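Enquirer: here is a sequence with its predicted model. Questions after.
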Amino acid sequence: MEEKVKKSLEKVRPILQRDGGDVEFVGIDDGVVKVKMRGACGTCPGALMTIKMVIEQTLKEDVPEVKEVVGV
């Protein structure tokens, strides 16, 4: 499952990098994926929305075992 999640994150990474940010995979615990926002995304007030609307949606489509994505 971890490799599937990492591969899916590669799909959203260019979107974040275009705005000077990035996402780092931290881990998975019982279907909850933990990520850390980097660069401009790390201090952006919209980071939570990005996690939920972009990253979580993409991961759930690609990896059905994902229940939620949280920022750490």
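Expert: Looks like it came in fine.
Enquirer: for the chain, what's the longest helix?
Expert: Taking DSSP state H as the criterion, the chain has its longest helix at helix 2-18.
Enquirer: so where is this protein shaky, pLDDT-wise?
Expert: Scanning the chain for pLDDT under 70 picks out no residues.
Enquirer: mind doing that once more with 90?
Expert: 19, 41-49 (pLDDT under 90).
Enquirer: would you mind measuring from the residue nearest the centre of the chain to residue 48?
Expert: Centroid check for the chain by Cα atoms, centre = their mean gives residue 55 as the closest residue, at 4.1 Å. Separation of residue 55 from residue 48 (Cβ to Cβ, to the nearest Å): 10 Å. Where C-beta positions appear, they are placed from N, C-alpha and C, glycine not excepted.
Enquirer: return every residue with contacts to both of the two.
Expert: Any residue near both residue 55 and residue 48 by Cβ atoms under 8 Å, 6 or more residues apart in numbering counts here, and not one turns up.
Enquirer: show me the contacts for residue 17.
Expert: Counted by Cβ under 8 Å, 6+ apart, residue 17 has contacts residue 39.
Enquirer: for residue 67, same thing?
Expert: 30-32.
Enquirer: ok, which stretches of the chain are strands?
Expert: Assigned by DSSP state E, the strands in the chain fall at 21-29, 32-39, 68-71.
Enquirer: show me what counts as buried in stretch 43-50.
Expert: Residues 44, 47, 50 are the ones in stretch 43-50 that count as buried (16 or more other Cβ atoms under 10 Å).
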